[in-house]
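Colleague: Sequence below, structure please.
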Amino acid sequence: MPADPADADDFGVTAEALDRAQRARLIRRTRTQLGLSQSEFARRFRVPVGTLRDWEQARATAPAFAVAYMRVIQQFPEIVAKAVA
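Modeller: Residues are numbered from 1 along each chain as shown. Okay, here's the model as predicted:
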């Protein structure tokens, strides 16, 4: 998506960056809906906390399996936590 030339504060965004941001939002929303800190979420669902931070802040693109894992966690958080414990 190119920048709007009529808006001096606008900037262009690549499809890759937009995808990374949407994945970050899904992961952050999953964690916050559960009311967990990054450390608590990482510990409960066996995700390295540094990796979780990178995904949430869109410094790294969460792979497809991580997106699927987040969707399962959203629907069945207690079952997933029990399964990975």
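
Colleague: Can you report how many residues neighbour the residue nearest to residue 36 when sequence neighbours are not counted?
Modeller: Leaving out its chain neighbours, the residue that sits closest to residue 36 by CB to CB, 6 or more residues apart in numbering is residue 44, at 6.8 Å. For glycine as for every other residue, the C-beta is placed from the backbone atoms N, C-alpha and C. A count of neighbours around residue 44, defined by other CB atoms under 10 Å, yields 18.

Colleague: Show residues contacting the helix or strand hosting residue 44.
Modeller: In this assignment (DSSP states H and E), residue 44 forms part of helix 38-45. Contacts to helix 38-45, defined as CB atoms under 8 Å, 6 or more residues apart in numbering, come from residues 31, 34, 36, 47-49, 52-53, 56, 69, 73, 80-81, 84.

Colleague: buried residues in that helix?
Modeller: For helix 38-45, burial by neighbour count (16 or more other CB atoms under 10 Å) applies to 38, 41, 42, 44, 45.

Colleague: do you know how far the spatially most central residue of the chain is from residue 78?
Modeller: Most central in the chain under CA atoms, centre = their mean is residue 27, positioned 2.6 Å from the mean C-alpha point. Distance, residue 27 to residue 78, by CB to CB, to the nearest Å: 19 Å.

Colleague: what do you get for residue 35?
Modeller: For residue 35, the distance to residue 78 - CB to CB - is 13 Å.

Colleague: How about residue 41?
Modeller: Distance, residue 41 to residue 78, using CB to CB: 14 Å.

Colleague: roughly how far apart are the closest residue to residue 77 other than its chain neighbours and residue 6?
Modeller: The shortest distance from residue 77 to any non-neighbouring residue, by CB to CB, 6+ apart, is to residue 34 (5.8 Å). Using CB to CB, we find residue 34 at a distance of 41 Å from residue 6.

Colleague: Which one's more surrounded, the two?
Modeller: residue 34 (15 against 6).

Colleague: wait, what's in contact with that one?
Modeller: Listed by CB under 8 Å, 6+ apart, the contact partners of residue 34 are 41, 73, 77.
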